[in-house]
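In: Give me a model of this one.
(one chain, ligands or ions: 2)
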Amino acid sequence: MNDSLTIALSKGRILEESIPLFAAAGIELAEDPDKSRKLILPSTDPQVRFLVIRASDVPTYVSWGAADLGIAGKDVLLEQENLALYEPLDLRIGVCRMSVAEPAALAAGDRPESWERVRIATKYPKITKRFFQARGIQTEIIKLYGSMELAPLVGLADRIVDLVSTGRTLRENGLVEVEEIMPISSRLVVNPAAMKRKGKAIEDLIRKLEAEIGQ
Ligand SMILES: Nc1ncnc2c1ncn2[C@@H]1O[C@H](COP(=O)(O)OP(=O)(O)OP(=O)(O)O)[C@@H](O)[C@H]1O
Ligand SMILES: O=P(O)(O)OC[C@H]1O[C@H](OP(=O)(O)OP(=O)(O)O)[C@H](O)[C@@H]1O
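Out: Ligands and ions are numbered 1, 2, ... in the order given. Model (predicted):
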């Protein structure tokens, strides 16, 4: 039986925060990801390799089976609904929240209960639509791919839906959080067919990660 594992990760905070988790499971990167331009990174375990891809592409690689497992933010998973993936573990990394924010001047006299129609810039149009629809608020959504905080400053939108961690990006751009939509963290995702074919290797890894994060 082939028990080699391909794990999809995104460069940046997820890769950085997951390195110690994998190290505790006995898997270390064989090359420094900051110095390498390779997209397939070997590990010190000859049975394990990592794919380094865009955060929003992780569910695609795993659901198609190009990677057996991956680590993806709950934000990405909820925005890309209907993917066939198991989500066995909350890794408690990439911890932040998804919130509605607006310019401090607008927030001064604003009451979210009185919103009827909002123009929102976001990378998360589906989550945003679902959230406001459930409250009977009409939305005009402007899809962006990053730096959402800029949109209200230049009149592109009244408000944004984005991730907040320390609140520094909002603060430095004169925005305030007015509503938390949900807490966010990164999840281990597994391809269902791989779970059957490579069950032992995947379950071993899940157990080791679980022990490390204390679940
Ligand atoms: N400020 C933050 N603090 C903690 N976790 C965060 C923060 N921002 C994003 N995350 C989490 O980390 C994940 C990856 O974010 P990252 O910024 O590395 O990629 P991205 O630029 O959003 O993705 P893409 O390249 O696909 O656009 C997000 O999906 C989210 O779950
Ligand atoms: O509350 P804070 O600690 O300031 O973090 C929030 C910021 O972090 C994320 O951006 P990221 O750093 O990933 O930049 P990007 O969205 O432009 O990729 C998010 O989109 C916010 O802009």
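
In: doesn't residue 3 make contact with residue 47?
Out: Yes. Between residue 47 and residue 3 there is a contact at 6.2 Å, judged by CB atoms under 8 Å. The C-beta positions use only the backbone N, C-alpha and C, and glycine is treated the same way.

In: Which neighbours do these two have in common?
Out: Both residue 47 and residue 3 are contacted by residue 201, under the criterion CB atoms under 8 Å, 6 or more residues apart in numbering.

In: Could you see whether ligand 2 lies near the longest strand anywhere in the chain?
Out: Once the chain is assigned using DSSP state E, the strand that runs over the most residues is strand 175-184. No. Shown here: strand 175-184 not in contact with ligand 2 (CB under 6 Å from any ligand atom), separated by at least 9.1 Å.

In: Show residues contacting that strand.
Out: The contact list for strand 175-184, computed with CB under 8 Å, 6+ apart, reads 73-75, 94-104, 107, 110, 112, 127, 131, 149, 152, 159-161, 163-164, 167, 170.

In: one more time with 7 Å, if that's ok
Out: For strand 175-184, the surrounding residues in contact (CB atoms under 7 Å, 6 or more residues apart in numbering) are 73-75, 96-104, 107, 110, 112, 127, 131, 149, 152, 161, 163-164, 167, 170.

In: Filtering those residues by proximity to ligand 1, which remain?
Out: Okay, of the contacts of strand 175-184 touching ligand 1 (CB under 6 Å from any ligand atom), that's 73, 75, 96, 163.

In: Looking at those residues, which is nearest ligand 1?
Out: residue 73 (2.0 Å; CB to the nearest ligand atom).

In: And residue 138, how close does it get to ligand 2?
Out: 25 Å (CB to the nearest ligand atom, to the nearest Å).

In: what's the nearest residue to that residue if we skip its chain neighbours?
Out: residue 117 (4.3 Å; CB to CB, 6 or more residues apart in numbering).

In: neighbours of that neighbour, just the number please.
Out: 10 (other CB atoms under 10 Å).

In: Next one: it from residue 159, what distance?
Out: 11 Å (CB to CB, to the nearest Å).

In: Can you tell me which residues in this structure are near ligand 1?
Out: 10, 12-14, 54-56, 73, 75-76, 94-96, 163, 165, 184, 186.

In: Can you say which of the contacts of strand 175-184 are buried?
Out: Burial by neighbour count, judged by 16 or more other CB atoms under 10 Å, picks out 73-75, 96-103, 107, 110, 127, 131, 149, 152, 161, 163-164, 170 from the contacts of strand 175-184.
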